[in-house]
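1. dropping a prediction and its sequence here:
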Amino acid sequence: MLDDTPHAPLERASTTVPRATDPGLWSYDPHQDILYVDAGTWRMAGHPEALPPSDRPVAEDTDRSAASRTAQPTRLAHAEAGGHASGRVTSLDSWLMYTHASDRPRFLHSLRSFVQPSAARATRSSPADRWTHERRVLHRDGSIHHLRSTAVAIRNRRGILAHVLGYDIDISQQPLEKRQQQIDHRLLERQKLESLGALAGGIAHDFNNLLMGVVGHADLLLEEIEPGTISHLHVEAIQRASERATELARQMLAYSGRGQFIIKPIDLHSLIAEMMPLLEATVPRRIVLKRPFAEQGPALPQIEADVDQLRQIILNLMTNAVEALEQCAGLIELQLEQRYLSREALDQMLLGDRVEPGVYVMLEVTDTGCGMSDRTLSRMFDPFFSTKFVGRGLGLAAVLGIVRGHKGAIDVVSTVDIGTTVRIYFPQRSGASTR
């Protein structure tokens with residue numbers, strides 16, 4: 001049972017709220033998954049009314065159910081933080097009902113990662129005690145508002161996370177210069193991808209031509225040299241090195257989008273099920289591998305893709321997730337899902353500006369590893385970029401090229417010391433039925 005006595009940090013947290021911007025206050029109890037919001041927060045989140053008639057104000061709640069009893073500490077925290085007298089107990093899903101569809105999973109993943117056990121055990125002075133996230137909200141008049149949520153972890157006397165106290169600020173009126181900078185940044189990113197793709201493709205093509213001569217002459221030498229001799233072993237070593245070099249050239253061609261694809265209808269669910277023995281063999285025992293979609297059955301539409309290239313994507317993402325966990329225990333989760341992506345959602349993704357809105361099949365790989373800084377995240381798909389001493393930096397670059405060749409998009413969410421989620425979106429097969 002948590003020690004829910006009042007905490008001094010609550011009063012300090014309330015003084016940090018910038019009152020001039022009229023923030024909306026909220027408190028979240030991660031142990032019971034209960035959220036308390038004031039009227040301003042509820043309205044700011046896009047709900048048409050501050051307190052709908054179907055919801056009971058907290059002040060009038062006399063029900064002594066378990067949910068009501070567990071909300072008491074949350075109301076106390078809210079009152080100490082200077083919240084309004086009227087409010088409501090709700091769930092995260094209800095609160096985020098009007099949050100933009102592409103922002104909702106990011107927000108939930110980020111908040112729940114903030115309150116997960118690794119963060120809950122942090123010390124009072126840990127940087128993990130503060131959290132910030134931005135999201136878009138669709139209001140009743142059709143306008144889109146940009147909100148920034150900021151929260152602090154409130155701990156009991158034993159240093160255990162009791163609940164989270166936060167506030168929202170509407171930042172929709174941010175300077176136009178900042179938005180223009182974001183547009184310019186996306187344009188530069190696209191130009192960089194085009195330039196690096198052309199360079200890598202040209203190098204790979206010439207390199208591959210040279211390798212054909214090396215491999216051909218090595219084959220001829222093996223036929224003339226007696227097996228078992230030193231010379232025969234040396235030529236075999238040349239062959240093996242040439243095969244590795246050919247694979248590198250193939251990955252560079254994949255990055256440039258010039259790889260050779262054999263396109264046919266693919267069921268991703270069946271493909272991953274077929275690959276599971278190989279995937280499980282690549283994951284050390286200290287790491288738990290989950291695939292919740294396996295219980296749902298193959299209910300997703302097919303995609304049109306090259307099966308070998310898809311296997312390469314899955315293996316590269318899994319290898320990257322395992323390396324992110326280094327020598328620690330952790331979790332890797334594979335997920336499949338069908339989603340509709342709007343133009344606005346695609347514009348926030350890598351390669352999204354090249355494809356059209358529609359129904360996509362999402363392949364998601366999540367790990368609880370070391371995560372990435374913004375600088376690393378911005379370069380993770382660059383060819384020859386690697387944070388590993390022995391890394392070649394072509395695995396994820398090949399993933400980018402393959403997804404580009406399949407007219408897909410990529411979305412990555414990563415937080416240092418919490419983990420990374422990579423989502424690959426493939427357009428569903430033409431004429432396939434949607435759920």
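-> Cool, the structure landed.
2. please, which helix or strand holds the closest residue in space to T90 that isn't next to it in sequence?
-> Excluding its sequence neighbours, the residue lying closest to T90 (C-beta to C-beta, 6 or more residues apart in numbering) is L35, at 5.3 Å. In short, each C-beta sits where N, CA and C put it, glycine included. Using DSSP states H and E, L35 sits within strand 34-38.
3. can you name the next helix or strand after that strand?
-> Using DSSP H and E, the helix or strand that follows strand 34-38 towards the C-terminus is helix 39-44.
4. export only the CA atoms of that next one, formatted as PDB.
-> This file holds the C-alpha atoms of helix 39-44, laid out as PDB (Å, rounded to 0.1, in the frame of the first residue of the first chain):
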ATOM      1  CA  ALA A  39     -12.300  21.800 -16.000                       C
ATOM      2  CA  GLY A  40      -9.700  23.800 -17.900                       C
ATOM      3  CA  THR A  41      -7.600  20.700 -18.800                       C
ATOM      4  CA  TRP A  42     -10.700  18.900 -20.000                       C
ATOM      5  CA  ARG A  43     -11.700  21.700 -22.300                       C
ATOM      6  CA  MET A  44      -8.200  22.300 -23.500                       C
END
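5. give me the helices and strands touching it, please.
-> Packing contacts for helix 39-44, counted by 3 or more C-beta pairs under 8 Å, 6 or more residues apart in numbering; DSSP states H and E, involve strand 24-29, strand 87-90, strand 161-170.
6. right, so the ones you listed: which one is the most enclosed?
-> strand 24-29 (a mean of 25; mean count of other C-beta atoms under 10 Å).
7. quick one: the helices in the stretch 251-400 of the chain?
-> Using DSSP state H, counting those that start in this stretch, the helices found in the stretch 251-400 of the chain span residues 268-282, 307-325, 343-347, 374-379, 395-405.
8. about what we covered before: could you say which one of the helices and strands packed on helix 39-44 comes nearest to V322?
-> strand 161-170 (28.7 Å; C-beta to C-beta).
9. related to what we said a few turns ago, buried set for the strand holding L35?
-> 34-38 (16 or more other C-beta atoms under 10 Å).
10. tell me the one of these nearest L210?
-> L35 (61.9 Å).
11. do you know the pLDDT at that closest one?
-> pLDDT recorded at L35 is 87.
12. pretty sure it sits against W42.
-> No: using C-beta atoms under 8 Å, L35 is not in contact with W42, being 10.3 Å away.
13. what touches both of those two?
-> 90, 95 (C-beta atoms under 8 Å, 6 or more residues apart in numbering).
14. excluding chain neighbours, what is closest to G352?
-> Of all residues not flanking G352 in the chain, L346 sits nearest, at 3.5 Å (C-beta to C-beta, 6+ apart).
15. so what pairs up with V89 in the strands?
-> Y36 (DSSP bridges).
16. and it, how far is that from R136?
-> Distance of V89 to R136, computed by C-beta to C-beta, to the nearest Å: 25 Å.
17. do the same with Y340
-> Counting by C-beta to C-beta, the gap from Y340 to R136 is 16 Å.
18. which one's more surrounded, those two?
-> More neighbours surround R136 than the other of Y340 and R136, with 21 against 11 (other C-beta atoms under 10 Å).
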